[in-house]
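Student: have a look; sequence and predicted model below, questions after that.
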Amino acid sequence: MNNKDIFFKHLAPTSHQPVLIEVESAKGVIIKDTSGKEYYDLIAGIGVATVGHNNEQLNKAIIAQLEKHAHVMVYGEYIQSAVNNLAVKLSQLLPDQLSNSYFVNSGTEANEGAVKLAKRITGRPKIIAFKKGYHGNTQGSMSVSSNDSKKQPYRPLIPGVKFIRFNNLDDLKFIDEEVAGVIIEPVQGDAGVIIPNPGFLSALRERCTQVGTQLIFDEVQTGIGRTGKMFAFEHFGIIPDIITLAKGLGGGLPIGAFISSYDNMQLLAKNPMLGHITTFGGNPVACASAKTVLDIVSEPALMSNIEVKGQLFDQLLAHPEVKNIRRIGLMLAIELENEEMVNKAIKLALDEGVIIYWFLSTRNAFRISPPLTITKEEIRRSCEILIKVFNKIQLPD
């Protein structure tokens, strides 16, 4: 049985149209398949391979930790230097109010933990989320995500969730003294890179403070340099009460985190004890990788070039078929005429050796989220291919 047959027979599917690149190796921004064909990876595993595939500095950190130990105990019981080092690094990069980290395995777990924490802090029953928002696919995270067609077969979900409109100041009135937390992406990802209007997040912060509601920023997609700053909230001059991270944090290894103040996080250990637990959270190998990712991304030479590289995509992808480009840093939505054009563009690009990808809910645009280490020359070469693709998508099949 070949690998493709095994894939379909023994691996549970997520859709009827997987991409089916049979990966042999990956390095930097290039993925190579088993036939030797190379692809420019402009997706980075949906923003995961922050510092490129097979990064040597990352590999050394992972191997060094593996040679010491991997998993030795569930999260929160043993003192492990790799876990401590990551927590300290995050506390150095974040404001003082966000100094205490709880490490989990993924973004959806981080958001589950954040919602639980907001309820534990406030003792309140309700959560506010945003229309077109996406926070993960487990029951709790799905409950605060917006796409009803994805959610309907799995109801009932958790109660007490109300959705309000992103960028709508009038809807902030729904945040009242019964709301434990408001969960929001500072830049909506699955909605197609929707950037907040000036003043919207400041007004949201003010309203949450006024009524004693915890403000949760889901930075699973936007964190770790993706927007041109280490965390997206830095663009907007406000600080959330809780922040969640994942995707790009591990550089390819699975890790997530929800982070708040020292006092807030102590509440998870009492009344009841073990208020939040995880077996594999804080895995020392994943933590060693994440610490190294933060070291690399926080270097001024890399961080200062993220916006420059994003602007280069803007310039090079100008084309009559492109109706709009929404972008912050190296997080892009390229809007075409309709879903059919997007599907054709993704297929043609793959044929030509460039990987671009869909949004779950925004079907008239495709996403670009390359490794932050992509070079300007790699951007130029991949965009040349995409322009050829745009020239072809109106032609009959």
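Tutor: Structure received.

Student: alpha carbons only for contacts and neighbour counts from here, please
Tutor: Noted.

Student: I'd like the distance between residue 62 and residue 84.
Tutor: 15 Å (Cα to Cα, to the nearest Å).

Student: more neighbours: which of the two?
Tutor: residue 62 (21 against 16; other Cα atoms under 10 Å).

Student: got the phi/psi numbers for residue 12?
Tutor: phi -60, psi 140 (degrees, to the nearest 10).

Student: which pLDDT value belongs to it?
Tutor: According to the prediction, residue 12 has pLDDT 95.

Student: so who does the residue nearest to the spatial centre of the chain touch?
Tutor: Nearest residue to the geometric centre of the chain (Cα atoms, centre = their mean): residue 221, 2.0 Å. Applying Cα atoms under 8 Å, 6 or more residues apart in numbering, we find residue 221 in contact with 47, 189, 245, 246, 247, 248.

Student: what's the burial count for the first one?
Tutor: Residue 47: 28 surrounding residues under other Cα under 10 Å.

Student: quick one, grab the pLDDT at it.
Tutor: The predicted local confidence for residue 47 is 97.

Student: sheet-wise, list the partners of the helix or strand that contains residue 325 with their directions.
Tutor: Taking DSSP states H and E as the definition, residue 325 sits inside strand 324-328. Using DSSP bridges, the strands paired with strand 324-328 in its sheet are strand 331-335 (antiparallel).

Student: can you dump the C-alpha coordinates of the strand it pairs with into CSV?
Tutor: C-alpha atoms of strand 331-335 as CSV (Å, rounded to 0.1, in the frame of the first residue of the first chain):
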residue,chain,number,x,y,z
MET,A,331,-0.6,38.4,7.5
LEU,A,332,-2.4,38.9,4.1
ALA,A,333,-5.8,38.3,2.6
ILE,A,334,-5.8,38.5,-1.2
GLU,A,335,-9.4,39.1,-2.4
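
Student: how far off centre is it?
Tutor: 15 Å (Cα atoms, centre = their mean, to the nearest Å).

Student: one more: stretch 174-191?
Tutor: Worked out by Cα atoms, centre = their mean, stretch 174-191 lies 16 Å from the chain centre.

Student: how about stretch 246-259?
Tutor: For stretch 246-259, the distance to the chain centre is 9 Å (Cα atoms, centre = their mean).

Student: straight-line length of that stretch, end to end?
Tutor: With Cα to Cα as the measure, what separates the two termini of stretch 246-259 is 11 Å.

Student: next: stretch 149-168.
Tutor: Separation of the first and last residues of stretch 149-168 by Cα to Cα is 23 Å.

Student: what is the burial count for the closest residue to residue 203 other than its chain neighbours?
Tutor: Closest residue in space to residue 203, ignoring its immediate chain neighbours: residue 169 at 7.4 Å, by Cα to Cα, 6 or more residues apart in numbering. For residue 169, the count of nearby residues is 15 (other Cα under 10 Å).

Student: could you measure from residue 169 over to residue 333?
Tutor: Residue 169 is 24 Å from residue 333, where distance means Cα to Cα.

Student: with residue 268 instead?
Tutor: From residue 268 over to residue 333 the distance is 38 Å, taken as Cα to Cα.

Student: more neighbours: these two, which one.
Tutor: residue 333 (27 against 19).

Student: OK, contacts around that one?
Tutor: Here residue 333 is in contact with 192, 193, 325, 326, 327, 365, 366, 367, 368 (Cα under 8 Å, 6+ apart).

Student: now those in a markdown table, with neighbour count, pLDDT and distance to residue 179?
Tutor: Output for the contacts of residue 333, formatted as a markdown table (neighbours: other Cα atoms under 10 Å; pLDDT from 0 to 100; distance: Cα to Cα, whole Å):
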| residue | neighbour count | pLDDT | distance to residue 179 |
| --- | --- | --- | --- |
| 192 | 27 | 97 | 27 |
| 193 | 23 | 98 | 27 |
| 325 | 20 | 98 | 35 |
| 326 | 16 | 98 | 32 |
| 327 | 23 | 98 | 32 |
| 365 | 29 | 98 | 34 |
| 366 | 24 | 98 | 35 |
| 367 | 27 | 98 | 33 |
| 368 | 22 | 98 | 35 |
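
Student: quick check: residue 257 is in a strand.
Tutor: Yes. Counting by DSSP: H, G, I helix; E, B strand; the rest coil, residue 257 is part of a strand.

Student: and it, what's its pLDDT?
Tutor: 98.

Student: and what of residue 253?
Tutor: pLDDT, residue 253: 98.

Student: isn't it right next to residue 283, touching?
Tutor: No. Contact criterion Cα atoms under 8 Å: residue 253 and residue 283 do not qualify, at 9.9 Å.

Student: pull the contacting residues for residue 348.
Tutor: The contact partners of residue 348, taken as Cα under 8 Å, 6+ apart, are residue 389.

Student: so it: helix, strand or coil?
Tutor: helix.

Student: what's the distance between it and residue 130?
Tutor: According to Cα to Cα, residue 348 stands 34 Å off from residue 130.

Student: brilliant, that's me finished.
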